[in-house]
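Asker: Sharing a model prediction with you, sequence too.
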Amino acid sequence: MEKKRPAVKGFSNKQYIGFIIFGLCLCLIPVLVKMGVLKTSFLNIIGGSIIYTIAALGLNILLGYAGSSSLGTAGFMGLGAYISAYMSADLGLPWELSLIIATVIPTLIGILVGVLSLKMSGLYLGIATLCVAEIFRKTFSQFTQVTGGFAGKSASFPVLFGTIKLKQTGTFVLLIVFMVLAMMLTYNLVHGQLGRALHAIRSSETAAQAMGVSLRKYRLVAFALASGYGAMAGSLYVHFVRFVYPSTWNLLLSLNILAMIVIGGMRSIYGTFIGAIIVYAVPDLILKRIPVVGSYNGFAYVFSGVLVILVIMFSRGGIAGMISGLVSKRKARPAETAAAAGTDDSSGAGTE
Amino acid sequence: MENTNLILDEDEVLRVKDLSINFGGLKAVDNLSFSIKKNQVFGLIGPNGAGKTTCFNCITQFYRPTTGSVLFRTKNGNVEELVGQNVHDIIKKGLVRTFQNVELIPELSVMENVLLGAHVDFKSSLFAQALKLPKARKEEQEFRERTMDVLEFMGIADYANSLCSGLPYGVRKKVEMARTLLCDPKLIIFDEPAAGLNDVETDELTLHIRQIMEKYQCSIFLVEHDMGLVMNVCDRICAISFGKFLAEGTPAEIQKNKLVQEAYLGEEG
């Protein structure tokens, strides 16, 4: 009877430190660019990857946790970008305020779109959300007074607190800060009551309901989060790239963001970043430099398409799942006896 | 207007009255009535396809019964009509269930799976959770401690941090039972708790069911095919066949009942 009670693991700040160190490492990139080790274009490409990581984190909550599919991510990013550009450039609102408005309005619209997910799922939901995104895209090109139509719309680098004018490097660091914050927020959300409820909905709707999880409420919350993350990413995009066209926010972008979380790893925070790098940065940084094939424009899509197929065939957890699998194998070998009791550390490390 | 109907006897927890449900032309449950008392283990038996699980689903509102009423004495002592309520509100009243084919989340640890049972008891807002405010942290920690108590009680504390996907079937069944204990239940519904268990595990289960009832001061309502378990563990049994009431009584009475014997073994030639 004198058996020792296993320690109850609570919430730890260890993950926070990890995210911050990760962010600090990324901050080295501008330094290396300044020193001339990396090209300036590197900043643009990695900055883009960071923006897509934020949007993909939102989609990961929706698809990876709640199990609802959406092909409307690009539409919400565009919405965020246009609202932010309009607020700051045309209305002259401070950058902070336009970021908040550009996140909140699409989030509310996202909740309305989420109502669709109460009635349908899978492929049909994908098509419905795609239609919504296409409506947005059409609006961007036709509603010229606000969006500038096909000519596009420009915005400037953020001005913090009305005084600190950022340049490209400063905005890049700002992107990193936002991504790290988004990672922390995501980590907190998916490791608490909300995360469990979303897991339950994906795994078994009946069991979720029996445990008191309202399908309606949590599906809408998941949609709101995905739209909010997407719109925030869009708002950051327009202040980093300083230009926005309607044609950017098409199905291809939504599919790319989907590919990021499939390749990087469902339900993995670092995996989402890895996926964004592979889908967005690798084609630009590496593939285009390969002789002969690199000059073909569609080669990047072949690359990410083949990767998606390989990941689905061989490693459902994506690259993050593969890495954490290797780590746990290493850990398990010296301590095989403890395999039954303490596998959480190894499996939890990479797949959050 | 409703008060006249919302009356349960002092010691009653659940009263099912004239419950019927039709699927097209088929009457899966036909005019069924029974009642469960406080601190009672109540069994529902019947041949395959008798409508036992359908009856559970009607009580927990996964199905809307065609007619009839289900009165329940909730956690705070009020009597409520369950028919017409939201499925996800049922657990708040103190009525919780398990499933025939264990429904756990394979990607989560045992601890997290059981924590889902406390879902409705979490008070902190989404905002507080997202920022992990001290309040939310404390709450999560408290529930984790309580979960560990439950896991210890069920004898599966060693598995707390293991993922559910790799666990033996017997352990997963216990995890699912543990999940029902976190919400301060007044009535727990077990759908075939012994299905797929070996003899040793079934004996252990018999013990567990009585222990749960005593420790948590709740009633237990179970469907089971293992007659040995049913006869050992139940205080009262209701037998049904083709959705219709056959008999109700103590295990000994049910065993002797002619109608029940016929339903199980067929009529004597």
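Answerer: Sure thing, it's come through. Numbers count the residues shown, from 1 in each chain, chains lettered A, B, ... in the order given.
Asker: Wait, a helix at residue A:137?
Answerer: Yes: judged by DSSP: H, G, I helix; E, B strand; the rest coil, residue A:137 forms part of a helix.
Asker: Just give the number of residues close to it.
Answerer: Counted with other C-beta atoms under 10 Å in any protein chain shown, the neighbours of residue A:137 add up to 20. No exception for glycine: its C-beta is placed from N, CA and C like everyone else's.
Asker: Now do the contacts for it.
Answerer: Contacts for residue A:137 (C-beta atoms under 8 Å, 6 or more residues apart in numbering or on different chains) come out as A:74-75, A:78, A:246-247, A:249-250.
Asker: just checking, what's the longest helix in the chain?
Answerer: Using chain A here. The longest helix of chain A (DSSP state H) is helix A:215-241.
Asker: Please refer instead to chain B.
Answerer: Per DSSP H, chain B has its longest helix at helix B:134-154.
Asker: just the helices in the stretch 101-250 of chain B please.
Answerer: Shown for the stretch 101-250 of chain B, the helices assigned by DSSP state H, counting those that start in this stretch span residues B:110-115, B:126-130, B:134-154, B:169-180, B:199-216, B:227-233.
Asker: Over to the stretch 151-300 of chain A?
Answerer: Under DSSP H, counting those that start in this stretch, the stretch 151-300 of chain A gives helices at A:168-190, A:193-203, A:205-210, A:215-241, A:251-264, A:269-276, A:282-285, A:299-314.
Asker: mind putting these in TSV, mean pLDDT included?
Answerer: Listed next are those as TSV, based on pLDDT from 0 to 100:
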stretch	mean pLDDT
helix A:168-190	91
helix A:193-203	92
helix A:205-210	90
helix A:215-241	93
helix A:251-264	90
helix A:269-276	91
helix A:282-285	80
helix A:299-314	82
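Asker: where's the residue nearest in space to the middle of chain A, which helix or strand?
Answerer: In chain A, the C-alpha nearest the mean C-alpha coordinate belongs to residue A:56, at 2.0 Å (C-alpha atoms, centre = their mean). Counting by DSSP states H and E, the element that carries residue A:56 is helix A:40-59.
Asker: Using CSV, write down the CA coordinates of the helix or strand just after that helix.
Answerer: From helix A:40-59 onward toward the C-terminus, using DSSP H and E, the following helix or strand is helix A:73-85. Only the C-alpha atoms of helix A:73-85 are listed here, as CSV (Å, rounded to 0.1, in the frame of the first residue of the first chain):
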residue,chain,number,x,y,z
THR,A,73,-7.0,31.0,-44.8
ALA,A,74,-5.7,33.2,-47.7
GLY,A,75,-9.0,35.1,-47.8
PHE,A,76,-8.8,36.0,-44.1
MET,A,77,-5.1,37.0,-44.5
GLY,A,78,-6.1,39.3,-47.3
LEU,A,79,-8.9,40.7,-45.3
GLY,A,80,-6.5,41.5,-42.5
ALA,A,81,-4.0,43.0,-44.9
TYR,A,82,-6.5,45.3,-46.7
ILE,A,83,-8.2,46.5,-43.5
SER,A,84,-4.8,47.3,-41.9
ALA,A,85,-3.6,49.1,-45.0
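Asker: tell me what helix A:73-85 is packed against?
Answerer: helix A:40-59, helix A:95-119, helix A:122-142, strand A:153-154, helix A:215-241, strand A:243-244, helix A:251-264 (3 or more C-beta pairs under 8 Å, 6 or more residues apart in numbering or on different chains; DSSP states H and E).
Asker: again, only this time at 7 Å
Answerer: Here helix A:73-85 touches helix A:40-59, helix A:95-119, helix A:122-142, helix A:215-241, strand A:243-244, helix A:251-264, going by 3 or more C-beta pairs under 7 Å, 6 or more residues apart in numbering or on different chains; DSSP states H and E.
Asker: List of residues touching stretch B:63-72?
Answerer: B:6, B:8, B:14-22, B:54, B:57-59, B:79-83, B:93, B:95 (C-beta atoms under 7 Å, 6 or more residues apart in numbering or on different chains).
Asker: how distant is that stretch from the center of its chain?
Answerer: 16 Å (C-alpha atoms, centre = their mean, to the nearest Å).
Asker: rewinding a little: mean confidence (pLDDT) on the longest helix of chain B, please.
Answerer: Mean pLDDT, computed over helix B:134-154, is 90.
Asker: How about it, which residues are buried there?
Answerer: Buried residues in helix B:134-154, counting neighbours by 16 or more other C-beta atoms under 10 Å in any protein chain shown, are found at B:136-137, B:139-140, B:143-144, B:146-148, B:150-154.
Asker: sorry, back to before: turn the contacts of residue A:137 into a markdown table, including pLDDT and neighbour count.
Answerer: Formatted as a markdown table, those follow (pLDDT from 0 to 100; neighbours: other C-beta atoms under 10 Å in any protein chain shown):
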| residue | pLDDT | neighbour count |
| --- | --- | --- |
| A:74 | 92 | 26 |
| A:75 | 92 | 34 |
| A:78 | 92 | 30 |
| A:246 | 86 | 23 |
| A:247 | 85 | 13 |
| A:249 | 89 | 28 |
| A:250 | 87 | 15 |
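Asker: how about the residues you listed, which pair is most distant?
Answerer: A:75 and A:247 (12.7 Å; C-beta to C-beta).
Asker: Residue numbers of the stretch 151-269 of chain B in contact with chain A?
Answerer: By C-beta under 7 Å from any C-beta of the partner chain, the part of the stretch 151-269 of chain B that sits against chain A consists of B:152, B:157-158, B:160-163.
Asker: Please report which of the residues you listed has the highest neighbour count.
Answerer: residue B:160 (25 neighbours).
Asker: give me every residue that touches the nearest residue to that residue once chain neighbours are set aside.
Answerer: Distances taken as C-beta to C-beta, 6 or more residues apart in numbering or on different chains place residue B:111 nearest to residue B:160, at 4.6 Å, with adjacent residues excluded. Going by C-beta under 7 Å, 6+ apart, residue B:111 touches B:144, B:147, B:160-161.
Asker: Residue B:179 too?
Answerer: B:113-114, B:116-117.
Asker: Could you do residue A:308 as well?
Answerer: A:259, A:262-263.
Asker: try residue B:116
Answerer: Per C-beta under 7 Å, 6+ apart, neighbours of residue B:116: A:196, A:200, A:211, B:179.
Asker: can you do 10 Å?
Answerer: By C-beta atoms under 10 Å, 6 or more residues apart in numbering or on different chains, the contact set of residue B:116 is A:193, A:196-197, A:199-200, A:203, A:207-208, A:210-213, B:104-105, B:108, B:147, B:179, B:182.
Asker: In space, what's closest to residue A:63 - neighbours in sequence excluded?
Answerer: Spatial nearest neighbour of residue A:63, excluding adjacent residues (C-beta to C-beta, 6+ apart): residue A:69 at 5.8 Å.
Asker: er, residue B:62 actually
Answerer: Per C-beta to C-beta, 6+ apart, closest to residue B:62 is residue B:87, 5.9 Å.
Asker: and the gap between the most centrally placed residue in chain B and residue B:145?
Answerer: The centre of chain B sits closest to residue B:189, judged by C-alpha atoms, centre = their mean, with a distance of 1.0 Å. From residue B:189 across to residue B:145, the span is 26 Å (C-beta to C-beta, to the nearest Å).
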